[in-house]
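1. no sequence on this one, just coordinates:
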C-alpha cells in the first residue's frame, strides 16, 4: 500500500523533474530558512537590551500583531487545507476517510488539547511560583522579627500574598486579570509614596506583593512560549520533509521565499514570548536554536530519504494529514488566544487608540500577506 503513488499532480511533477537543480535549490532553502529563522527569533531576544525593541515597547506590540496574523493565516490558509487535501485524496480508502471530515475534527481536538495543556501548565507554574513566594515571605517575616527587635520597622516586602480574592490566578485569555494585577500593584506603589506601608498599616497584616502582576504574567509567557514552540515545530518537520523529498524545482523555488517569510515572523512571535517569559540565557538559546534548526533539519532528512520515501503514498498522506491537522489546531488556538486576545484585550491596548489602530492594521496585513503567499506555495 505504501508504494502506490497517489495525487493528481504526477504528470506535472514529471515534466518539471530535475534532481540536480532540485538539490541546489534545497541547499539554498536550508540556508535561507535557517538565516530567516535565526534572525526572526533573535530580534526580540537581543532587542530587549535596546529601548525601541524591548517587549514593552509599542513597536514590539505592533510587530507581534503582524506576526500573529501570519501565524493565524498559516494555520487556516496553508496547513489546514493541505491536511484536508491529504486526508481526502482519491486513492485513500473511501471508508473512513471520505465519510468524515477528519482534518477539521483533528484540528478541533488539537485546539482543545492545547487549551487543556495551557490550563494545566499555567496552574502548575502558578503553584510552583506561589510556593517559592511563600518561602520568600516566611524568610522576610523572620528577618522582619529580628529587625523589629532592634527597633527598625520594615517598609514592606515583595512576595506572593496567597490571597486569591485580591491577587487571583492568571486566566488563559484573561489579560483582564493581568490588568487588575497591575492596577493593584500601582495602588500599592502609590500607597507607599503617601506613607502607607503594606504589612504595617494594613488590617490584613501582610503584604500584597508589588510585582505580583509581572510575576504571574511571566508564568503565562512560560507556558505560551513552550506550547507555541510545540505547534511550530510539529508542522516545521512536515514542511521541511515535504520540501526535502521533492525533485521538482517548480515546487521548491516558490517555497524558498514563502517559507523564509513564514519562518522569520513565526520566529519573531516565538522569540517575543521567550523574551517575555524571562528564561535564562541558556534555556532561551536552546529554545531559539531548536526552532531555527527544525525546518532545515527536516529538509536535510528529506534529502537523505528522497530515494526511498514516497511522499504521495497512502501511508505518507495519512501521516502528513494528521500531523498537519494537529499543527493547524495548535497554531490557530495560540494565534487567537495567546497572541491576539492577550494583547488586544489588554488594558494597555484599550487605553491607547492609536496603538489599537496600528495594531489592527498590522494584524490584518500580516494575515492577508501570508494568505496571498498561498497562490505560490
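-> It's in. As the structure is a prediction and not an experimental result, all values here were calculated from the model.

2. switch to C-alpha atoms for all contacts and neighbour counts from now on
-> Will do.

3. where along the chain do the helices fall?
-> Along the chain, the stretches classed as helices by DSSP state H are 10-15, 19-47, 58-73, 80-87, 94-97, 102-149, 175-193, 212-245, 249-277, 281-305, 314-333, 342-344, 347-350, 353-372.

4. which other helices and strands contact the third one?
-> In other words, helix 58-73. Packing partners of helix 58-73 (3 or more Cα pairs under 8 Å, 6 or more residues apart in numbering; DSSP states H and E): helix 249-277, helix 314-333, helix 353-372.

5. could those helices go into a markdown table alongside mean neighbour count?
-> Formatted as a markdown table, the helices and strands packed on helix 58-73 follow (neighbours: other Cα atoms under 10 Å):
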| stretch | mean neighbour count |
| --- | --- |
| helix 249-277 | 23 |
| helix 314-333 | 25 |
| helix 353-372 | 18 |
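
6. which one is residue 19 nearest to, not counting chain neighbours?
-> If the residues on either side of it in the chain are set aside, residue 19 comes closest to residue 247, at 5.1 Å by Cα to Cα, 6 or more residues apart in numbering.

7. can you put the helices and strands packed on helix 58-73 in a markdown table and add mean pLDDT?
-> Listed next are the helices and strands packed on helix 58-73 as a markdown table, based on pLDDT from 0 to 100:
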| stretch | mean pLDDT |
| --- | --- |
| helix 249-277 | 90 |
| helix 314-333 | 90 |
| helix 353-372 | 95 |
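
8. so which of those helices comes closest to residue 91?
-> The closest of the helices and strands packed on helix 58-73 to residue 91 is helix 314-333. By Cα to Cα, the value is 7.0 Å.

9. helices or strands up against that closest one?
-> Against helix 314-333 (3+ Cα pairs under 8 Å, 6+ apart) you get helix 58-73, helix 80-87, helix 102-149, helix 212-245.

10. Run the chain-centre distance for the longest one.
-> Spelled out, it's helix 102-149. 19 Å (Cα atoms, centre = their mean, to the nearest Å).

11. Scan the helices and strands of this protein for the one with the lowest mean pLDDT.
-> Least confident helix or strand, the chain: helix 175-193 with a mean of 44, by mean pLDDT, DSSP states H and E.

12. circling back: include distance to residue 230 when you put the helices and strands packed on helix 58-73 into TSV, please.
-> TSV is the format used below for the helices and strands packed on helix 58-73 (distance: least, Cα to Cα, whole Å):
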stretch	distance to residue 230
helix 249-277	11
helix 314-333	8
helix 353-372	21
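
13. And the residue nearest the centre of this protein?
-> Closest to where the C-alpha atoms of the chain average out (Cα atoms, centre = their mean) is residue 228, at 2.9 Å.

14. What is the burial count for the nearest residue to it once chain neighbours are set aside?
-> Distances taken as Cα to Cα, 6+ apart put residue 334 closest to residue 228, at 6.4 Å, once the chain neighbours are dropped. Close neighbours of residue 334, defined as other Cα atoms under 10 Å, add up to 25.

15. Would you confirm that residue 334 contacts residue 226?
-> No - using Cα atoms under 8 Å, residue 334 is not in contact with residue 226; the gap is 10.8 Å.

16. Of the helices and strands packed on helix 314-333, which is nearest residue 35?
-> helix 212-245 (14.8 Å).

17. what's the angle between the closest one and helix 249-277?
-> 160 degrees (axes from the mean of the first three to the mean of the last three Cα atoms, to 10 degrees).

18. Pull out the buried residues from helix 212-245.
-> 212-213, 215-245 (16 or more other Cα atoms under 10 Å).

19. ok, the residue nearest to residue 19 touching residue 17?
-> Yes - using Cα under 8 Å, residue 247 is in contact with residue 17, at 5.6 Å.
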